[in-house]
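1. Make a model of this:
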Amino acid sequence: MDQSVAIQETLEREENCVVAVQCDVFFDDIPESRLLGLVESGKEHAIFIYAHRRMAITADDVSLQEIIPISLDFAVVEVSSPEQLVVVGADTRVRISYKDEELELKLPFGSHSRLFLGEVNKAWSDVCRFPTQVPRFVWINKYKKSTTSQKAVKQAIAPLGKPNKNNQHQKIEKSLEKAKGSSSAAQKSKVYSNPESQSIYSREERDDLVRASSHTTSNKAQILTMPQFGLRDNLIRCELLKNEDLYTYLEDFSFFLGTYNVNGQPPKESLRPWLSCNPSPPDIYCVGFQELDLSKEAFFFSDTPKEPEWTKAVSDALHEGAKYALVKLVRLVGIMLIFYVKEEHAEYISDLEAETVGTGIMGRMGNKGAVAIRFRFHNSTICVVNSHLAAHVEEYERRNQDYKDICSRLLFRPYDLTQPPLTIMKHNVVLWIGDLNYRISDLEVDSVKELIIKKDFKTLHKNDQLKRQIDEEAVFNGFEEGAIDFQPTYKYDTNSDDWDTSEKCRIPAWCDRILWKGKNIKQRHYRSHMDLRTSDHKPVSSLLVIGIKRINNVTYKKTFEEIVRNIDKMENECIPSVTLSKREFHFKDVKFMEHQAETLKLFNDGQVPCQFEFIRKPNEATYSKPWLTANPPKGFIAQRGSADIDLEVFVNRTTAPDLNCGKQVIEDILVLHLERGKDYFISVTGNYLPSCYGSSIYSLCHMREPIRDMPQETLLQLAEKSAADFAESTEKPLDIPKELWMMVDHLFRNAVKQEDLFQQPGLRSEFAEIRNCLDSGMPDSLPGSNHSVAEALLLFLDALPEPVVPFSIYPQCLECCSNPSQCEKIISMLPQCHKNVFNYLAAFLRELLKNSASNRLDVSILATIFASLILRSPSKQDLAEKRKTQEFFQHFLNHGSS
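-> Residues are numbered from 1 along each chain as shown. Model (predicted):
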């Protein structure tokens, strides 16, 4: 997940966050999680250090603590030990110094850290290249007042002693270390005194400590993914991939896959019955957890004590017949995935990346979602996904949507940064584990239990929601799952093997599943583990034997040399050329938050392979308008080959306001550039259907007809009117927007006792129906579930160009947040339409709180959700402001408020 967006929201318009990375900062040898952003202003750069909670999504989640200017007084030192460097996947220890002070960091292994360090080095190189042009850094002064807890950070920015060894990863002893001699030690404390000639210590360099520099079997796999930028290198790589069968052979390796929903419990028993259930040790472990920590602190803050507790429990339970190295751990709130490999296989792991995606309310929160790790093992690419999908029996469509969201939004930065991001499915093997939450339908609880007693799992499986959805090709298309011959793994009374005896008496279900996709995969076992009783779920495991592609040295060399000879012959012979399937694209009836895509097909009709890229037009910052994306924006096409490019249109809260009123239209020209060739121009047009989403409260209150029935000229006039213009109008406006009334009235009549209201997401398809009803007419009742209407209301507030409490009033709200009477006075001074909306929403939320026993809502939850939507900062909002807005809004949620 790109956290630079959260940092960018804290900056003024003149500054830009180039790249961000989450890391650990050491305070007296104790690591604390921080978010680092490389910020540029003109030609000057500085590193901004933020405290953060959970995965930083918006400015609300971060708080600026310190700024380190990148000047001639700045330097970077690599302090990872040789023991850490030989572990593929080990984190990187870096020491940043500024003047006489130092700060030690631990950066997570992967391309995000590699990119961050590369950009820092580039900025530093520019400073060193022009030593007479001394940066002034006047611009950082305006951020000094925003920094918090500076004393704590200053304590860390001090002369540091010898760094502690990284205990997260087990040491791997290899004979390769002898071949390296003292080179590893020489790299231990590498100072970059000449940034122009030396790049920051990179993943490629660390791989060299594991692999010999000659063409060994392991680094021949690496050559296929080295970061190349030239056409010749891409030609070689493309031809190598095309002829892979000539120089590779299959070798079987065993993968242990495990999934366990631990219901927020700490480890109370050994995990050996689960993780060491096979007589022979597996080559690789991929162990997933869900609901690691159910506390509110785990959701709002990044760290949880449950992570090290369960990691240690796993490490202690690995098979005693082999030694394992911890390669990677990734976690999103309570979803965690741990990746171990036998020590002797570690040197053949490369291109390791980890990513997360949340699918909770408004598509952002991480209480549901997925974590994933992708890597190359020898010459096969593998992706492992651990997911926790939406709960409740009736929500199978929401689970389907979660699966599709994960597949589309979870993207890995490729090792070659010139290439587009990698999706989950762009791997030779995909392994998917987790609490998928699909239930058993159309059977009563007693009937299910009777079938379980009879061990008639075949009949039971026919009513399994996941099986039905796969059969309908709604999800997991192309995946396989082994035969289920074990009883359902959910729901049990904790510390027992008894089915749920609570008031809800949940129907038993196979929530916890393991599936795979790819060739040359055989399953050796698929089972549950009844001996573990910590949770209301039982853990599940699968042992897969996977044929992994390995490289034959002799045939590889012959193939490589033949490819190079052929490329030498054809190089520079011809100018590249492509044929386009069409040059004009029209998108009909574009709607708010409704994705549309059309495919542009490119066919290489030239005599040589070609590289293409969409390039910026003169005086424009990006290659396309913000509502348009080309996917992929660049690529490589072999001779006589073809490529499909999806031209995607998506209107969000940022682009909707101007499109609604007609200030902007769906119209753009894309420039497709061929390297060493010509440019092609592609026209993109469309018609946008105006929406109440992204329209102002003022405008909506002056529309008695649905927005799609309003003339375009009227919408533009309403959008351009000021508050004074509306005040002078003789026409009486509506008290509140009719669209807002429809949603709140629906929830008031149907959902005041709805459990988890405003906390469980709705369905995207139902949101589309709700939006269409609001925009085109007023039906008697809105379609969709209560959760879908609730999320539609939140999205409506989020999309308002001017929030309920106008930007101009926002500072006063912060100043008087602790004084209830002053808060009420400020609201009484709001423009009439805004005041009506505020009071209407507050009254509705107080009604919800009267039913908190049923809906499980409280003042804190509602203030957290609504304050950030109703009181938005005109610039960027830090954590202190966030708390003040919640305190302000809480005064109006108390039952005594009027």
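2. Just the CA coordinates for stretch 485-501, please, in PDB.
-> Extracted as PDB, the C-alpha positions of stretch 485-501 are listed here (Å, rounded to 0.1, in the frame of the first residue of the first chain):
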ATOM      1  CA  ASP A 485     -12.700 -35.000   4.400                       C
ATOM      2  CA  PHE A 486     -12.500 -33.300   7.800                       C
ATOM      3  CA  GLN A 487     -15.300 -31.700   9.800                       C
ATOM      4  CA  PRO A 488     -16.000 -27.900   9.600                       C
ATOM      5  CA  THR A 489     -13.400 -25.800  11.400                       C
ATOM      6  CA  TYR A 490     -15.900 -23.100  12.700                       C
ATOM      7  CA  LYS A 491     -17.500 -22.400  15.200                       C
ATOM      8  CA  TYR A 492     -16.400 -24.000  18.500                       C
ATOM      9  CA  ASP A 493     -16.500 -23.000  22.100                       C
ATOM     10  CA  THR A 494     -13.000 -21.900  22.900                       C
ATOM     11  CA  ASN A 495     -10.800 -24.400  24.800                       C
ATOM     12  CA  SER A 496     -13.000 -27.200  23.700                       C
ATOM     13  CA  ASP A 497     -14.200 -29.300  20.700                       C
ATOM     14  CA  ASP A 498     -17.900 -28.400  21.400                       C
ATOM     15  CA  TRP A 499     -19.900 -26.600  18.700                       C
ATOM     16  CA  ASP A 500     -21.000 -23.000  19.500                       C
ATOM     17  CA  THR A 501     -23.300 -23.000  22.500                       C
END
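3. Okay, buried residues for it please.
-> Judged by neighbour count (16 or more other CB atoms under 10 Å), stretch 485-501 contains these buried residues: F486, Q487, P488, T489, Y490, K491, Y492, W499, D500. Backbone N, C-alpha and C define where each C-beta goes, glycine included.
4. Tell me which residues touch the third one, please.
-> Residues in contact with P488, defined by CB atoms under 8 Å, 6 or more residues apart in numbering, are I440, V448, I452, L460, P508, A509, W510, C511.
5. can you name the two of those that are farthest apart?
-> Longest distance between any two of these is 14.6 Å, between I452 and C511; criterion CB to CB.
6. higher neighbour count, the two?
-> Using other CB atoms under 10 Å as the criterion, I452 and C511 rank with C511 on top: 27 against 15.
7. contacting residues for the residue nearest to the more buried one when sequence neighbours are not counted?
-> In space, C511 comes closest to Y490 once its chain neighbours are excluded; the distance is 4.3 Å by CB to CB, 6 or more residues apart in numbering. Contact analysis of Y490 by CB under 8 Å, 6+ apart lists N261, R506, P508, A509, W510, C511, D512, D536, H537, K538.
8. Return the distance of the fifth one relative to L763.
-> Look at W510 and L763: by CB to CB, to the nearest Å, they are 23 Å apart.
9. thinking again about what came up before, what's across from the residue nearest to C511 in the sheet?
-> Beta-bridge pairing for Y490 (DSSP bridges): A509, H537.
10. what's the pLDDT at it?
-> The confidence metric pLDDT takes the value 96 at Y490.
11. how far away is it from N553?
-> Y490 is 50 Å from N553, by CB to CB.
12. Check L410 too.
-> 36 Å.
13. quick one, which of these two is more surrounded?
-> Higher neighbour count among L410 and N553: L410, with 24 against 12, using other CB under 10 Å.
14. Show the contacting residues for the nearest residue to that one once chain neighbours are set aside.
-> Using CB to CB, 6+ apart and skipping residues adjacent in sequence, the residue nearest L410 is V357, 4.4 Å away. Contacts for V357 (CB under 8 Å, 6+ apart) come out as M1, L332, G369, A370, D405, I406, R409, L410.
15. Also Y810?
-> L871, R872, S873, P874.
16. quick check, the last one in a strand?
-> In this case it means P874. No - assessed with DSSP: H, G, I helix; E, B strand; the rest coil, P874 is coil; it does not lie in a strand.
17. give me the element I546 is part of.
-> Here I546 sits within strand 540-551, counting by DSSP states H and E.
18. Can you spell out which helices and strands pack onto that strand?
-> helix 217-223, strand 248-261, strand 380-388, strand 512-517, strand 521-528 (3 or more CB pairs under 8 Å, 6 or more residues apart in numbering; DSSP states H and E).
19. same thing but at 7 Å, please
-> In this structure, strand 540-551 makes packing contacts with helix 217-223, strand 248-261, strand 512-517, strand 521-528, judged by 3 or more CB pairs under 7 Å, 6 or more residues apart in numbering; DSSP states H and E.
20. Dump the second one to CSV, restricted to CA.
-> This means strand 248-261. This file holds the C-alpha atoms of strand 248-261, laid out as CSV (Å, rounded to 0.1, in the frame of the first residue of the first chain):
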residue,chain,number,x,y,z
THR,A,248,15.1,-25.5,-17.3
TYR,A,249,13.9,-28.7,-15.7
LEU,A,250,11.5,-29.5,-12.9
GLU,A,251,12.4,-30.5,-9.4
ASP,A,252,9.8,-31.2,-6.6
PHE,A,253,9.7,-29.1,-3.4
SER,A,254,7.3,-29.5,-0.5
PHE,A,255,5.3,-26.5,0.7
PHE,A,256,3.5,-26.5,4.0
LEU,A,257,0.5,-24.1,4.0
GLY,A,258,-1.3,-23.3,7.2
THR,A,259,-4.2,-21.0,8.2
TYR,A,260,-5.5,-20.3,11.7
ASN,A,261,-8.1,-17.7,12.9
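21. And for it, what's in contact with it?
-> The contact list for strand 248-261 (CB atoms under 7 Å, 6 or more residues apart in numbering) reads 274-275, 282-291, 379, 386, 431, 433-435, 512, 514, 520, 535, 537, 539-552.
22. which of these are buried?
-> 274-275, 282-291, 379, 386, 431, 433-435, 512, 514, 535, 537, 539-551.
23. mind checking how far L515 is from S541?
-> With distances taken as CB to CB, L515 is found 14 Å from S541.
24. ok, now K591?
-> 45 Å.
25. can you check C692 too?
-> 50 Å.
26. any weak-confidence spans in the stretch 501-650 of the chain?
-> 570-574 (pLDDT under 70).
27. Do a quick rundown of the strands in it.
-> Counting by DSSP state E, counting those that start in this stretch, the segments of the stretch 501-650 of the chain that form strands are 512-517, 521-528, 540-551, 578-580, 584-590, 596-604, 610-615, 628-631, 634-637, 642-649.
28. Same check on the stretch 1-150 of the chain?
-> Under DSSP E, counting those that start in this stretch, the stretch 1-150 of the chain gives strands at 16-27, 30-41, 44-52, 62-69, 74-78, 92-98, 101-107.
29. Nearest approach to S350 belongs to which of those strands?
-> Short answer: strand 92-98, nearest of those by CB to CB, at 15.8 Å.
30. by how many degrees do the closest one and strand 74-78 diverge?
-> 160 degrees (axes from the mean of the first three to the mean of the last three CA atoms, to 10 degrees).
31. Could I get the average pLDDT for strand 92-98?
-> 86.
32. ditto for stretch 103-115
-> 79.
33. what separates it from the chain centre, distance-wise?
-> Put simply, stretch 103-115 sits 17 Å off its chain's centre (CA atoms, centre = their mean, to the nearest Å).
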